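[1] Need coordinates for the below:
(chains A and B)
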Number of protein chains: 2
Amino acid sequence: MPEILKLKSPADFIGRQGAGVISFGSGQPDLPPPKEAFDGIDLKRDLRYGLIQGELKLREALAKEYPGSTAENFVITNGASEALDLIFRSWGKGGKVLLPRPYYYSYPPIIELAHMVPVYTDLTDGRIDIEDFKKKVKGCRAALINSPSNPTGRVEAIETLKGIEKITQKLGVYVVSDEVYKDIIYERENYPIQGDYVITVNSFSKTYCMCGVRVGYLWSADKKVVEDVCEMKTHTSMNTNLIGQDMALSAMKTPKEYIRRQQKVWRERRDFIYKGLTELGFDLWKPEGAFYVLPKCKNARKFLSVLYQEYKVITYLGEWFGAPDRIRLSYALDIQQIAEGLERIKQAMQKVRVF
Amino acid sequence: MPEILKLKSPADFIGRQGAGVISFGSGQPDLPPPKEAFDGIDLKRDLRYGLIQGELKLREALAKEYPGSTAENFVITNGASEALDLIFRSWGKGGKVLLPRPYYYSYPPIIELAHMVPVYTDLTDGRIDIEDFKKKVKGCRAALINSPSNPTGRVEAIETLKGIEKITQKLGVYVVSDEVYKDIIYERENYPIQGDYVITVNSFSKTYCMCGVRVGYLWSADKKVVEDVCEMKTHTSMNTNLIGQDMALSAMKTPKEYIRRQQKVWRERRDFIYKGLTELGFDLWKPEGAFYVLPKCKNARKFLSVLYQEYKVITYLGEWFGAPDRIRLSYALDIQQIAEGLERIKQAMQKVRVF
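    Okay, here's the model as predicted:
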């Protein structure tokens, strides 16, 4: 038997993608950005400090996508990660934050780094149980939701999202809604959650395949939230990189047809991996958005170790996402690679009992 | 009399630079980046996530500038600001941090945001008093120094820097050395502080006039410091923007002659403003590096308000930098503008008693 790997987080796989490795690990599109993202970018623009809040033109363009908004409702950040970090830090007074579990693996550290305490509502069939949410959100300072979800691939029902709007508005609890996968939904149009206590976090990374450019943003109707975040960002990172902001603005000019074409690619891959894993006998939720599956898996760490060391296949442990009896696979790979990866998984299943 | 402005920080001047305004406020070069910064930049490079620690080629190039270093000693960050923020946050156990006062205005908030406590050693003639430093650093977790200094323009004597090396090494206290102005010293070559407990923070912003690109870095001989910072950055912002890192690497190919030419420009401006302010009767330290002066000034807030409202001249309050009896002026302006600004200051001095 190969050794059981002592991996602590997805970061431990960085640099391990060698020749012949099939990685179901990385949570990012494998496709290049649309050509529009590069249109008219002038590197020799004014490269002095920009506005901490973000370039006005970019915020004005975003305002057109958020009904009733102006540029003042947005802050441009170094990806959605920084937006989340700034929001929680700017509160800085302790308190609890409600998190659906399984969760994106950076959520608990971001909350704890802000000296707040994560509390959990366990998902039912991969989706929020509104009664449990209602019960647990009382006494919390905020809830952090993520639909479509990394790692579950699930999309919350519009009814659930409206319920969350109502409950949190009534209690005066903030809802931070991480919507970075809003343009990768297979089942319906996106429903952007609304209200006085809603803070939306978003990104250009997944929609326009430009994760390394690091441009995200937050939206809030609450002027104080925006001000506090800007005040903090003044000290912690200043303006978000200007060339990236220009590329984000250009990318927004991409015809909507591009997003539909991308969705088609993702849906084909979703169908392929879902069918493949189901046929292998895995019990998993059918993804409705994003590009992850989170099948149940016994002996997960052993299976992951065998898969990586003997079959050169990277998968992530569900325990990193609050789901210790599962493994997470990203299907940001072309169909041929997914097929080859599934074949190797099938072989590895001969060596480790996963059901 | 015009109203006394209720400005709280430099950020309150953002967006106030209209036509005819002469700003001694902004702390950044007014010149464009060297042409080398744009050489061979390919926007259509791989734009997926990069390494959290930063692009290997950039870290390898930096290692050549730090004797005995390898790429493993560096983390590339969103400017020096993020490097400082990550260092203090990654300690996360409370404790005191010693700061020379006057200080860069973001230092106390960055330390407090990391739930640490700033304590101060007051400068003597604009420089660190090594005896006071020695006394106060005992029981601190770290000291944060900045030579050349914003806002004093002073450069610490090599003897002082060696003293700090010795004291902190003996006590096992970290020295965080913010050296973003290392290439703008008028009096001598830079002396990079060294030792097991040294963490150097630097940036491409001031040397290569690319503040808005947001690329800085930290250097440490301590593997754990590097690892802890990377672990934190994984959650808070991921990799630093890739195009900016490419530009930083290209900028490093600029001939050293460029830095000498820049120094000549800065020295002329330094001489001009120092002479001008001295002739107007101001008591100030002669800058030895960076591009700031911090003259003594009575009724500072009133003077600043009159200067801005009646004479369209922006200056910053010394109190933002821990020096309530002074004002700060940046001389990142061409000589003609500095001359015009000094003329207006002369006129304003008729209205407010500054000595």
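
[2] and the residue of the stretch 251-355 of chain A found nearest chain B, what does it touch?
    When CB to the nearest CB is the measure, the stretch 251-355 of chain A has its nearest residue to chain B at residue A:332, with 9.5 Å between them. C-betas here are computed from N, CA, C, even on glycine. Taking CB atoms under 8 Å, 6 or more residues apart in numbering or on different chains as the criterion, residue A:332 is in contact with A:26, A:27, A:28, A:29, A:30, A:269, A:291.

[3] Repeat the analysis, applying 6 Å as the threshold.
    Contacts for residue A:332 (CB atoms under 6 Å, 6 or more residues apart in numbering or on different chains) come out as A:29, A:30, A:291.

[4] do residue A:314 as well
    Counting by CB under 6 Å, 6+ apart, residue A:314 makes contact with A:13, A:23, A:25, A:308.

[5] With residue A:243 instead?
    Going by CB under 6 Å, 6+ apart, the list of residues near residue A:243 reads residue B:243.

[6] where along chain A do the strands fall?
    Listed in chain order, the strands of chain A (DSSP state E) span A:22-23, A:74-77, A:96-101, A:117-122, A:142-146, A:174-178, A:198-203, A:216-220, A:292-293, A:313-314, A:316-317, A:327-330.

[7] From the contacts of residue A:332, which land in helices?
    With helices defined by DSSP state H, no entry of the contacts of residue A:332 lies inside them.

[8] Most neighbours of all the residues you listed, which one?
    Counting neighbours by other CB atoms under 10 Å in any protein chain shown, residue A:291 leads the contacts of residue A:332 with 25 neighbours.

[9] Show the contacting residues for it.
    Residue A:291 neighbours (CB under 6 Å, 6+ apart): A:266, A:330, A:331, A:332.

[10] Pairing partners for the second one in the sheet, please.
    Spelled out, that is residue A:330. residue A:292 (DSSP bridges).

[11] Buried ones among the contacts of residue A:314?
    A residue is treated as buried here by neighbour count (16 or more other CB atoms under 10 Å in any protein chain shown); on that basis the buried members of the contacts of residue A:314 are A:13, A:23, A:25, A:308.

[12] Now render these as a markdown table, adding distance to chain B.
    Compiled in a markdown table, the buried ones among the contacts of residue A:314 are given as follows (distance: CB to the nearest CB, whole Å):
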| residue | distance to chain B |
| --- | --- |
| A:13 | 12 |
| A:23 | 12 |
| A:25 | 11 |
| A:308 | 20 |
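
[13] among the contacts of residue A:291, which two are most distant?
    A:266 and A:330 (11.2 Å; CB to CB).

[14] Where does the prediction get shaky in chain A?
    For chain A, the stretches flagged by pLDDT under 70 are A:1, A:15.

[15] Domain boundaries for it, per the record?
    Following the assignment in automatic domain parsing, chain A carries domains at A:10-27+A:256-348, A:48-251.

[16] Might you enumerate the residues of the stretch 251-355 of chain A proximal to chain B?
    Taking CB under 6 Å from any CB of the partner chain as the measure of proximity, the stretch 251-355 of chain A makes no contact with chain B.

[17] Helices along the stretch 251-355 of chain A, start to end?
    All helices of the stretch 251-355 of chain A, identified by DSSP state H, counting those that start in this stretch, fall at A:256-279, A:300-311, A:335-348.

[18] how about the ones you listed in JSON lines, adding distance to residue A:62?
    Below are the helices of the stretch 251-355 of chain A laid out as JSON lines (distance: least, CB to CB, whole Å):
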{"stretch": "helix A:256-279", "distance to residue A:62": "16"}
{"stretch": "helix A:300-311", "distance to residue A:62": "39"}
{"stretch": "helix A:335-348", "distance to residue A:62": "34"}
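
[19] on that earlier part again, can you add distance to residue B:8 and give the contacts of residue A:314 back as a markdown table?
    Conversion of the contacts of residue A:314 to a markdown table gives the following (distance: CB to CB, whole Å):
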| residue | distance to residue B:8 |
| --- | --- |
| A:13 | 45 |
| A:23 | 49 |
| A:25 | 46 |
| A:308 | 53 |
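
[20] Just give the closest residue to residue A:265, not the sequence neighbours.
    Take residue A:265 and drop its neighbours on the chain: the residue closest to it by CB to CB, 6 or more residues apart in numbering or on different chains is residue A:31, 7.4 Å away.

[21] Go ahead and confirm the one you found touches residue A:209.
    Yes: Residue A:31 sits in contact with residue A:209 when judged by CB atoms under 6 Å, with a separation of 5.0 Å.

[22] If you count surrounding residues, which of the two has more?
    Per other CB under 10 Å, whichever of residue A:31 and residue A:209 has more neighbours is residue A:209, with 22 against 14.

[23] Quick check: residue A:97 vs residue A:68, distance?
    27 Å (CB to CB, to the nearest Å).

[24] More neighbours: which of those two?
    residue A:97 (26 against 8).

[25] mind checking how far the more buried one is from residue B:120?
    If you measure residue A:97 against residue B:120 using CB to CB, the figure is 35 Å.

[26] Over to residue A:2?
    Look at residue A:2 and residue B:120: by CB to CB, they are 56 Å apart.

[27] which one of the two has more residues nearby?
    Higher neighbour count among residue A:2 and residue B:120: residue B:120, with 16 against 12, using other CB under 10 Å.

[28] check contacts around that one.
    B:99, B:101.

[29] Same question for residue A:244.
    The neighbours of residue A:244, taking CB under 6 Å, 6+ apart as the test, are A:213, A:215, B:241.

[30] Can you tell me which of those residues is nearest residue A:74?
    Of all the contacts of residue A:244, residue A:74 sits closest to residue A:215, with 11.9 Å by CB to CB.

[31] and that closest one, how many residues sit next to it?
    If you count neighbours by other CB under 10 Å, residue A:215 ends up with 29.

[32] backbone phi and psi for it, please?
    Listed backbone geometry of residue A:215 is phi -130, psi 120, with angles given as degrees, to the nearest 10.

[33] Deepest-packed of the domains of chain A, please.
    Mean neighbour counts were compared across these using mean count of other CB atoms under 10 Å in any protein chain shown; the top stretch is domain A:48-251, at a mean of 21.

[34] so how far is that one from its chain's centroid?
    Taking CA atoms, centre = their mean, to the nearest Å, one finds the center of domain A:48-251 at 10 Å from the center of the full chain.

[35] Ok, stretch A:324-341 next?
    Relative to its chain's centre, stretch A:324-341 lies at 17 Å (CA atoms, centre = their mean).

[36] for stretch A:7-20, same thing?
    Distance of stretch A:7-20 from its chain centroid, counting by CA atoms, centre = their mean, is 19 Å.

[37] Quick one: end-to-end length of it, please.
    21 Å (CA to CA, to the nearest Å).

[38] ok, and what's touching it?
    Applying CB under 6 Å, 6+ apart, the contact partners of stretch A:7-20 are A:23, A:25, A:312, A:314, A:316, A:320, B:234.

[39] Same list as before, those that is, but in TSV and with distance to residue B:58 included.
    As requested, the contacts of stretch A:7-20 are exported to TSV (distance: CB to CB, whole Å):
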residue	distance to residue B:58
A:23	24
A:25	24
A:312	29
A:314	26
A:316	28
A:320	29
B:234	18
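
[40] still on that earlier bit, quick one: which of the contacts of residue A:244 is nearest residue A:339?
    Within the contacts of residue A:244, proximity to residue A:339 (CB to CB) peaks at residue A:213, which comes in at 30.6 Å.
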